[in-house]
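> sequence and predicted structure below; questions after.
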Amino acid sequence: MTYSPYWNPKNETLPREDLQRLQLIKLGRMAAWANANSPFHARSFAAAGFHPEQLKSWDDLRRIPFMTREDWMSSISEHPLFGDLPATDETNAIRYHLTSGTSGRTPIRVLDGTKDWDWIGEMWCYGIWGFGVRPEDIVYFAFGYGHFIGFWGAHYGCEKIGALVIPGGAQTTETRVRQIVDMGVTTVCSTPTYALRLWQQATEMGINLAVDSKVDKLILSGEPAGSIPAVKRQLEEAWGAKCGDTAGMTEVGTIMIFECDHQPGGTHIIEDHFIEEVINTESGEPVGYGELGERVVTSFGRGLIPVLRYRTKDMVVKVPYSTCGCGRTGDLYEGGIRGRWDDMKLIRGTNVYPRAVESLVREHDAIDEFQIYIWRRDNIRDEITIKVELKPGREAEWTELSQALARELSQSHEGLHFLIELMEPGVLPRFELKARRLVDARPTAVYE
Ligand SMILES: [Zn+2]
C-alpha cells in the first residue's frame, strides 16, 4: 500500500506565512486560556504587563514573559502537590508523571487530562510516521513503563497509526532481545544508551541483530545522543537498521521535534503545534539561523498545564526547513539537541559539555562504556578523567586509542589535559533510561 510520507500532509507542508498565521491564532487562544484559568500565568502575565489581546502580530510573542523551571518549582513548593499552574481542576487529570531529575535537579510533577493524552499521542504520530512507521510494523517498546513519560506517548502514537505494539515492560535485557527476534519486531523504541545495551546483550547471546532480527528502524529518544553521528553510525551498523532521533520533555508531555526518513542530520520542529524560539542564554535576545542558543518552547496542545515561552536550557542550532528535501516546511535543529547549558562543567577555566565529550569518545568504536569523572587533586587542582571499558577482544588497541582520545579531547578543549583510564569490563554502570555518565566528585563546600 502507498501512504503519504506525512502524518498531517496539509499542516506539515504549509507555506511559512500560513504557518505563522496559524501559530498566531493558536497562541492567542492558549494565552487567553492560561490567563483565565491558570493562577500561575495570570500572575506572571500581570507582573509583565502582558494581556493576550496584545497578540496582534508575530513580534508580539515577545511580550509574553518567559517561564522558568525555578518559577514552576516554587509554585509546586508553595502549592503542593502540583503548584498553581494547572488550568483546570486536578480531578480532570487522568495521569501523573515526573521529570527524570537528571543533572541532580528536583523532579517536576505533572498532570495530564484525556485531551492532553490524545494530543501527546498525536505529536508522536508526526514523528514516528515521519520516520517511516506504518500499520504493517511491529513496534517493540524497550522501557519499563514507569514515571518516565517519553515512550508512553510513543506507545499511544503507534496504536493510533495502527501498528502492532509490544510493550517490553519490566523484563530482563535478555528476555527483551529474545522477544525482539522471536516476534518479528520491525521497529524498536528506546534510548540510544539502551539500544547499545540491547545489542551488547544480543552479541553475548550469539545473536547478530543485523541478520537475525527484522528490525529496520530504531526510534531514539530520552537522551541527546540520538543525533551524535558516531553513536548513530554504531547503532545503524549493529542493528542493520535506520536510527531516527526524537526529543521531547515531560514539561510539555511529548515530543516537539523529530528526524524524518530523509535523515538530514537534524530534527524537524512540529511547528503547527509548537513555537520554538532560540535565544542567547544570557541576554534572552533571539539568535538567528545557524547560531547556538537556548530553546524556548510554547505548546499549543496541552490544556491542563499550559506551557508558554518555557526556558528549556537545551542547546540548539536552528536551520531553515529548506535544509531538508522532504517537503516539510518545519524548520530543523541541526544535530538535534546538543546538550544542556546547565550541564556545563568548569575545569581549570575551560568549559566542558558532556555531550561534546561523548561525541569524541564514541568515534572510537572499540569503546564499550565510559564515564566522565571530575575530581580534585590534593584539594587544589581540578582533574577530568575519562574512565573507559573496551569491547571484548579489542584490548590490543588500548595504547593507541587512549593516546588518540586524550589528544582529541585536549585539542577541542583549549588544551585542557584529560586523563584516560582503562577499567575492568563490567565495572562502570549500565543504564536503561537516561544515562548518567558524568560524576562530579569534587567537594561541594564553598568558602566565602
Ligand atoms: Zn525532512
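Yep, it's here.
> and stretch 55-64, how far out from the chain middle?
Offset of stretch 55-64 from its chain centre (Cα atoms, centre = their mean, to the nearest Å): 28 Å.
> to clarify, my last question referred to stretch 151-171.
18 Å.
> that stretch: which residues count as buried?
151-158, 160-161, 163-166, 168 (16 or more other Cβ atoms under 10 Å). Using the backbone N, CA and C atoms, a C-beta is placed for each residue, glycine as well.
> which ones among the residues you listed lie within strands?
Among the buried residues of stretch 151-171, the residues falling in strands (DSSP state E) are Leu164, Val165, Ile166.
> that older thread, in helices, which of the buried residues of stretch 151-171 fall?
Judged by DSSP state H, the subset of the buried residues of stretch 151-171 located in helices is Phe151, Trp152, Gly153, Ala154, His155, Tyr156, Gly157, Cys158, Lys160, Ile161.
> does Ala406 count as helix, strand or coil?
Following DSSP: H, G, I helix; E, B strand; the rest coil, the label given to Ala406 is helix.
> how many neighbours does it have?
Using other Cβ atoms under 10 Å, Ala406 has 15 other residues around it.
> just Asp60 next, same as before
Asp60: 17 surrounding residues under other Cβ under 10 Å.
> thinking again about what came up before, dump the ones in strands among the buried residues of stretch 151-171 into JSON lines; add pLDDT and distance to the ion as well.
Compiled in JSON lines, these are given as follows (pLDDT from 0 to 100; distance: Cβ to the ion, whole Å):
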{"residue": "Leu164", "pLDDT": "98", "distance to the ion": "26"}
{"residue": "Val165", "pLDDT": "98", "distance to the ion": "25"}
{"residue": "Ile166", "pLDDT": "98", "distance to the ion": "28"}
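> just give me the closest of the residues you listed to Ile337.
Of all these, Ile337 sits closest to Val165, with 25.9 Å by Cβ to Cβ.
> OK, contacts around the nearest residue to the closest one once chain neighbours are set aside?
Leaving aside its chain neighbours, Val165 sits nearest to Cys158 (5.0 Å; criterion: Cβ to Cβ, 6 or more residues apart in numbering). Applying Cβ atoms under 8 Å, 6 or more residues apart in numbering, we find Cys158 in contact with Trp124, Ile128, Val133, Asp137, Val139, Val165, Cys189.
> swap in 10 Å and give it another go.
By Cβ atoms under 10 Å, 6 or more residues apart in numbering, Cys158 lies in contact with 121, 124-125, 128-129, 133, 135, 137-141, 151, 164-166, 187, 189, 219.
> picking that back up, what is the most widely separated pair among the buried residues of stretch 151-171?
Pairwise over the buried residues of stretch 151-171, using Cβ to Cβ, the maximum falls at Lys160 and Gly168, 19.2 Å.
> helices or strands next to the longest helix along the chain in the packing?
For the chain, the helix with the greatest residue count under DSSP H is helix 16-37. Applying 3 or more Cβ pairs under 10 Å, 6 or more residues apart in numbering; DSSP states H and E, we find helix 16-37 packed against helix 9-12, helix 39-48, strand 274-279, strand 292-299.
> got the angle between the longest one and helix 16-37?
Going back to what we said before, that points to helix 39-48. Relative orientation of helix 39-48 versus helix 16-37 (axes from the mean of the first three to the mean of the last three Cα atoms, to 10 degrees): 110 degrees.
> from the chain's centre, how far out does helix 39-48 sit?
29 Å.
> what does the first one give?
Relative to the chain's own centre, helix 9-12 is displaced by 24 Å; criterion: Cα atoms, centre = their mean.
> near the ion, which residues of this protein?
Cys260, His262, Cys324, Cys326, Arg328 (Cβ under 5 Å from the ion).
> need the per-residue pLDDT for the residue nearest to the second one when sequence neighbours are not counted.
Pointing back at His262 there. Nearest residue to His262, sequence neighbours excluded (Cβ to Cβ, 6+ apart): Cys326, at 4.5 Å. For Cys326, the model assigns a pLDDT of 98.
> and Cys326, what does it touch?
Pro5, Tyr6, Glu12, Thr13, Gly130, Cys260, Asp261, His262, Gln263, Pro264, His268.
> pull out the buried members of these.
In the contacts of Cys326, burial by neighbour count holds for Pro5, Tyr6, Glu12, Thr13, Gly130, Cys260, Gln263, Pro264, His268, counting by 16+ other Cβ under 10 Å.
> for those, work out which two are farthest apart.
Thr13 and Gln263 (18.8 Å).
> list the buried residues of stretch 178-195.
Result for stretch 178-195 [16+ other Cβ under 10 Å]: buried residues 178, 180-181, 185-195.
> first-to-last residue distance for that stretch?
14 Å (Cα to Cα, to the nearest Å).
> that stretch: how far from the chain's middle?
Chain-centre distance of stretch 178-195: 19 Å, with Cα atoms, centre = their mean.
> count the residues that sit near Trp124.
32.
> now swap in Tyr3 and tell me
12.
> who does Ile255 bridge with?
Gly248 (DSSP bridges).
> which ones are touching it?
Counted by Cβ under 10 Å, 6+ apart, Ile255 has contacts 120, 123-124, 126-128, 150, 153-154, 157, 221, 246-249, 267, 270, 273-274.
> show me the shaky parts of this protein.
101-105, 445-448 (pLDDT under 70).
> where along it do the helices fall?
9-12, 16-37, 39-48, 69-78, 114-130, 150-161, 173-182, 192-204, 209-212, 229-239, 354-361, 398-411.
> right, and these - which one's nearest Leu55?
Judging the helices of the chain by Cβ to Cβ, what sits closest to Leu55 is helix 16-37, at 4.8 Å.
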